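J.: got a predicted structure here, sequence first:
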Amino acid sequence: MKIVLVNIGALISGNWREPFIKGDAVVVDGGKISSVGQVSDADIDDAKLVVDVDGMTVLPGLIDSHVHITFGDYTPRQKTVGFLESYLHGAITSCISASEIHVPGRPADPAGICALALAAQRCFADFRPGGMRVYAGSVIMEPGLEEHHFENLAAEGVWHAKVGFGAFEKPADVTPIVRNAQKHGFKVMCHTGGASIPGSQPITADDLVTMAPDIAGHVNGGPVALSDDGLERIVSETSMALQIAQAGNIRSSALVVNLAEKYDQYDRVMISSDTPTGTGVMPLGVIKSLTEMATLTDVEPERILAASTGNCTRVYGLSAGLMEAGMDADIAIIDAAQGCTQPDALSAMKNGDIPAVAGVISNGMPRFLGKSRNTPPPTRALKIVKNECIASFVEEGVHHCC
């Protein structure tokens, strides 16, 4: 399906160094972004769907880099069905598993660990709940894992792993296993801060420096944070990605952003939800954290947004998260919510107001257009200029296309 978005107010790139793109249009074709900024008459003639976004803000769909999935769209931790599909209504078009630790009776032996990761990866390979892309199958680091386990899993397409829940006497004891995983291309995320649930243990700045994972998971605490000095060490002395989580310490979140600015390390900052957990199911977890960081720090909202778009693309090597030709057509449309004192989505975020999500396209398909069920309606109104979709209907002023 070819889709054209026109009359865009602010077009966000996902690249914090050059956050704005000149122009007011985006063309989607065959599940990919075809062109950004300008649109030709030929593209409009060929399009199945043309949407006038009425001056709203358009950006890459958000990437939640810390989600606790199991199998299917279900979380036993919160006994909730359909949470991933609901997260899409929070402008999240991709999520990355933080390991399937919440599977009841999860195995701890090497064969079982590998089977769990591979099964999760396979289950979500073609399953898109509500249109959400799920990067599943994260190996839980446990004693007994050897290099051949990672070599075999890498050959099957499994590429990420999680440290923080294994039966190691000391956290640093996992270091040789981390190296074996990284040798075979795994992106290794490590729990950071105090213990989060039974079976986990505190991991300090010293532990992280020793282990040297690729990502310091919920570096602002999960939920208990490192000391301020420890955080500064991680930012200034290491190269690992700095993943902030909604489920962590909000003061430490702002400190991480400010430290990243101080040391010119904003490329490493990612903002995630770390849900569903004890903090609950949070469809707006990522956009809430982005808004909090926009209002609690001096970093502009358009740059903050890169922490859940282009920065994730770079850290994980994804094909989405940047508004560029050839990237996956995962796109969100946001605006100031009705009743907001600010005129647009970016100024609303700076004011501390979570923006309205007015539409989401994922994998080149419109998932909803008009308003999200999880936010207030936008100040402006989308207009369907042309619609040759197989089916469409209007309900309460919201246009749905499929």
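T.: That came in fine, so what should we check first?

J.: so where's the stretch 301-402 of the chain shaky on pLDDT?
T.: Along the stretch 301-402 of the chain, segments meeting pLDDT under 70 span 390-402.

J.: which residues of it fall in helices?
T.: 301-304, 310-316, 345-350 (DSSP state H, counting those that start in this stretch).

J.: need the contact partners of the second one.
T.: In other words, helix 310-316. Here helix 310-316 makes contact (C-beta atoms under 8 Å, 6 or more residues apart in numbering) with 13-16, 60, 63, 65, 96, 135, 160, 187, 214-215, 241, 266-270, 318-322. Where C-beta positions appear, they are placed from N, C-alpha and C, glycine not excepted.

J.: quick one on the thing from earlier: so which of the helices of the stretch 301-402 of the chain comes closest to Val4?
T.: Between Val4 and those, the tightest spacing by C-beta to C-beta is seen for helix 345-350, at 20.6 Å.

J.: for the closest one, packing partners?
T.: Judged by 3 or more C-beta pairs under 8 Å, 6 or more residues apart in numbering; DSSP states H and E, the packing partners of helix 345-350 are helix 285-296, helix 301-304.

J.: can you pull the alpha-carbon coordinates of the first one into CSV?
T.: This file holds the C-alpha atoms of helix 285-296, laid out as CSV (Å, rounded to 0.1, in the frame of the first residue of the first chain):
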residue,chain,number,x,y,z
GLY,A,285,5.2,4.6,29.6
VAL,A,286,7.7,5.6,26.9
ILE,A,287,6.0,8.8,25.8
LYS,A,288,5.5,9.7,29.5
SER,A,289,9.3,9.4,30.2
LEU,A,290,10.1,11.4,27.0
THR,A,291,7.8,14.1,28.2
GLU,A,292,9.3,14.1,31.7
MET,A,293,12.9,14.4,30.4
ALA,A,294,11.8,17.2,28.1
THR,A,295,10.4,19.2,30.9
LEU,A,296,13.0,18.3,33.7
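
J.: for the nearest residue to Asn15 once chain neighbours are set aside, give its distance to Pro60.
T.: With sequence-adjacent residues excluded and distances taken as C-beta to C-beta, 6 or more residues apart in numbering, Asn15 is closest to Gly310, at 4.8 Å. Note on Gly310: its distance to Pro60, by C-beta to C-beta, to the nearest Å, is 7 Å.

J.: could you give the bridge partners of Thr277?
T.: Under DSSP bridges, the beta-bridge partners of Thr277 are Gly280.

J.: from memory it sits against Val67, does it?
T.: No. Taking contacts as C-beta atoms under 8 Å, Thr277 lies outside contact range of Val67: 9.9 Å.

J.: what stretches of the stretch 151-300 of the chain score poorly on pLDDT?
T.: 196-200.

J.: how about the helices in it?
T.: Going by DSSP H, counting those that start in this stretch, the stretch 151-300 of the chain shows helices at 175-183, 205-211, 228-237, 250-262, 285-296.

J.: just name the most buried of these.
T.: helix 285-296 (a mean of 23; mean count of other C-beta atoms under 10 Å).

J.: hmm, back to that, shared neighbours, Gly310 and Pro60?
T.: Ser13, Gly14, Gly321, Leu322.

J.: from the residues you listed, pick the one nearest Ser86.
T.: Nearest member of these to Ser86, counting by C-beta to C-beta, is Gly321, at 20.8 Å.

J.: can you pull the contacts of that closest one?
T.: Gly14, Pro60, Gly61, Ile63, Ser94, Thr309, Gly310, Asn311, Cys312, Thr313, Met327, Asp330 are the contacts of Gly321 under C-beta under 8 Å, 6+ apart.

J.: turn the shared contacts of Gly310 and Pro60 into TSV, columns for distance to Arg128.
T.: Output for the shared contacts of Gly310 and Pro60, formatted as TSV (distance: C-beta to C-beta, whole Å):
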residue	distance to Arg128
Ser13	25
Gly14	21
Gly321	17
Leu322	20
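
J.: for those, which one is nearest Asn363?
T.: Nearest member of these to Asn363, counting by C-beta to C-beta, is Gly321, at 13.7 Å.

J.: just flag the most distant two among the shared contacts of Gly310 and Pro60.
T.: Pairwise over the shared contacts of Gly310 and Pro60, using C-beta to C-beta, the maximum falls at Ser13 and Gly321, 10.1 Å.

J.: overlap in contacts of those two?
T.: Joint contacts of Ser13 and Gly321 (C-beta under 8 Å, 6+ apart) are Pro60, Gly310.

J.: related to what we said a few turns ago, give me the buried subset of the contacts of Gly321.
T.: Gly14, Pro60, Gly61, Ile63, Ser94, Thr309, Gly310, Asn311, Cys312, Thr313, Met327, Asp330 (16 or more other C-beta atoms under 10 Å).
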